[in-house]
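> Provided below are the primary sequence and the corresponding predicted coordinates.
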Amino acid sequence: MPAPDLVTAELTLTGRITTASNATFLGSIGDVVVVYKPIAGAVPIVSATAVPALLLGAARLGWLDAEQALLLAMAVIILRLASLGWVVGHLRQQRASIRTFLSGMLLALAGIAAATLKWWLTH
């Protein structure tokens, strides 16, 4: 029996994988068992760096002061780290637990320490 065309054949969803970070489904295409992750439910990693990159690019073009742009870029990254608990809760489709909230805060503190060390060593 030939393998089904995984691009054009009909996908039948049979369940959801709830331990995944975002929408992930178990299904089948013909007799082949597949895992399906819709692109619409994914958040690309590049989005985490878009605003800091734009800020640093604006500084390079002379539209922003370089030190201010660097501070703003670091602040954006630290805020993203601090919101990690909320993001994890959102992806799990439930309220953030105290553990994920504190993990985000600790990660943000580590980010502040790294940013402060970088600033101190390079300025």
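Yep, it's here. All of these numbers come straight from a predicted model, not from anything done at the bench. Numbers count the residues shown, from 1 in each chain.

> which stretches of the protein aren't confidently modelled?
Applying pLDDT under 70 to the chain flags the ranges 1-4, 6, 21, 39-47.

> Tell me which stretches of it form helices.
Secondary structure of the chain (DSSP state H): helices located at 47-60, 66-82, 84-91, 98-122.

> quick one, what contacts the residue lying closest to residue 68 once chain neighbours are set aside?
Excluding the flanking residues, the one nearest residue 68 by Cβ to Cβ, 6 or more residues apart in numbering is residue 59, at 7.6 Å. Heads up, the C-betas are built off the backbone N, CA and C, glycines and all. When contacts are counted by Cβ atoms under 8 Å, 6 or more residues apart in numbering, residue 59 touches 65, 66, 68, 69, 70.

> ok, now residue 53?
Residue 53 neighbours (Cβ under 8 Å, 6+ apart): residue 73.

> And the contacts of residue 59, which of them are buried?
Buried by 16 or more other Cβ atoms under 10 Å: 69, 70, out of the contacts of residue 59.
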